[in-house]
Each structure stands twice: as C-alpha cells, then as structure tokens.
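>>> Here you go, sequence then predicted model.
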Amino acid sequence: ETGVTQSPTHLIKTRGQQVTLRCSSQSGHNTVSWYQQALGQGPQFIFQYYREEENGRGNFPPRFSGLQFPNYSSELNVNALELDDSALYLCASSPRGYSQETQYFGPGTRLLVL
Amino acid sequence: QKEVEQNSGPLSVPEGAIASLNCTYSDRGSQSFFWYRQYSGKSPELIMFIYSNGDKEDGRFTAQLNKASQYVSLLIRDSQPSDSATYLCAADSNYQLIWGAGTKLIIKP
C-alpha cells in the first residue's frame, strides 16, 4: 500500500456527462500528478499540481481540469465525456514537484463511458 | 512527438532464467529513466530508476542505460513466477514522464 487513495474505484458514465475523480495524497506529499491509461497502453500525463497550482500539463484538451486543496488532495474533472475517455485514471503523489523517483501511485479509478 | 518504444511481448521466460526487457526513447534531452512493474488491474509500481550511462543493480534487477544509443534495458535474474507482469519504461521529458506501452512478461514454472 502506498498511502495514496482514489475514489471511486469504478465509474460508468454516458457520453456528454461530466465526472469528478478524487485523490488523497500520501502524508507529507505536496505534489499530485494525474495520468490516463487506456487499455494496453502506458500512462499518459494529464497534469500536475504543486502546492495548489497547476505545475505542468500534458497534451489533453481543456475539458480535463483539476484542482488541489490546501490538504494537498486533488480532483480531476472531465467535462463532455467522450467514448475515448474510457480508461484507468491514476493519480500519483510525491514530496515535491518533478520528483518522479519518489512518486507513488494510487490504485486508480476505472472509468467506462458508454 | 516524443516517444518511448517497447516490444509489447509477451516475452516468455523459464523460471530461474534471466529476463531481458528493452526500451528506446526519442528525446535526447531525457536525463532520467524509470522501470515500473504493473500487475493486471493494478497501478504501476516503481522498480528502478537510472540517470547515468552504465549499469545499476538492485537485488535481482539491473537497469542499463546507453544514452548514445537512446536505449534502456532491465534485466531480471533468477526470474520467479511472481515477476509475471507488464513492465513499463518511462523517460522524463520537459518535467513530465513519457511512458512506453509496456512489455508483458510471463515466467513459466
């Protein structure tokens, strides 16, 4: 167990809906990164939050947005869901920005868009 | 488009043998390289990271980096059935990780 938790574990939505995924970082970690992992693919970096500010973003459209709270937990919001958004969404926390060697993943949220 | 390439496998290795996993990357500016293990339905787990050319050993695992050839490898000695998983290679690029699609490794008892 890494100490990083995510909710919900599974979710089914229909195209056009909106979804919010949540992540609680490991104690002492102020950085949260979000990834999308489609079936059979490696994770793709969505964005990172460091001390409540967005600290880098991958090649994802603006309908993917996020938030980090003062306790360093984080949310990923996806608007206008598309079928291709079906994936495992992973969050990872680390003690400081860009420290991939000390990045710990949560168990993920599996999203299915119908 | 910066990429990390891996053979998807599956790579089948007898128990006790050496498993060799390979990865190439396109961004010559990448400085840090990571190997993750991912069991089916689970999240990735960091096995090793390497920054310098050459070999880095940790228990049964050895990571190898050749920046001139833009090539990273992972050797697993004395392979065990519990090593059966998908192995993901990742390289840092502009402060984010670029991931390969993973190689599925099967250790046959």
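Done, it's in.

>>> So what does whichever residue of chain B sits closest to chain A look like in phi/psi?
As assessed by Cβ to the nearest Cβ, chain A sits closest to residue B:99 within chain B, at 3.2 Å. Bear in mind the C-beta positions are built from the backbone N, C-alpha and C, glycine included. Dihedral pair for residue B:99: phi -110, psi 150, per degrees, to the nearest 10.

>>> Distance of the residue nearest to it when sequence neighbours are not counted relative to residue A:80?
Distances taken as Cβ to Cβ, 6 or more residues apart in numbering or on different chains put residue A:42 closest to residue B:99, at 3.2 Å, once the chain neighbours are dropped. As judged by Cβ to Cβ, to the nearest Å, residue A:42 and residue A:80 stand 25 Å apart.

>>> neighbour-wise, which of the two wins?
Shown here are residue A:42 and residue A:80; by other Cβ atoms under 10 Å in any protein chain shown, residue A:42 has more neighbours (22 against 11).

>>> So in terms of bridging, what pairs with residue A:5?
Here residue A:5 sits in beta bridges with residue A:24, as judged by DSSP bridges.

>>> what sits against residue B:24?
B:4, B:5, B:69, B:70, B:71, B:72 (Cβ atoms under 8 Å, 6 or more residues apart in numbering or on different chains).

>>> Can you tell me the SS state at the residue of chain A found nearest chain B?
Nearest to chain B, among the residues of chain A, is residue A:42, at 3.2 Å (Cβ to the nearest Cβ). With DSSP: H, G, I helix; E, B strand; the rest coil as the basis, the three-state label of residue A:42 is coil.

>>> which among the contacts of residue B:24 end up buried?
Buried by 16 or more other Cβ atoms under 10 Å in any protein chain shown: B:4, B:70, B:72, out of the contacts of residue B:24.

>>> Follow the chain on from the strand or helix carrying the last one and name the next helix or strand.
Secondary structure assignment for residue B:72, by DSSP states H and E: strand B:71-76. Elements were assigned by DSSP H and E; along the chain past strand B:71-76, the next helix or strand is strand B:85-93.

>>> so what secondary structure elements neighbour that following strand?
With contacts defined as 3 or more Cβ pairs under 8 Å, 6 or more residues apart in numbering or on different chains; DSSP states H and E, strand B:85-93 has these neighbours: strand B:4-6, strand B:19-25, strand B:33-38, strand B:71-76, strand B:96-99, strand B:103-108.

>>> Tell me what residue A:31 is bridged to.
Going by DSSP bridges, residue A:31 is paired in beta bridges with residue A:50, residue A:94.
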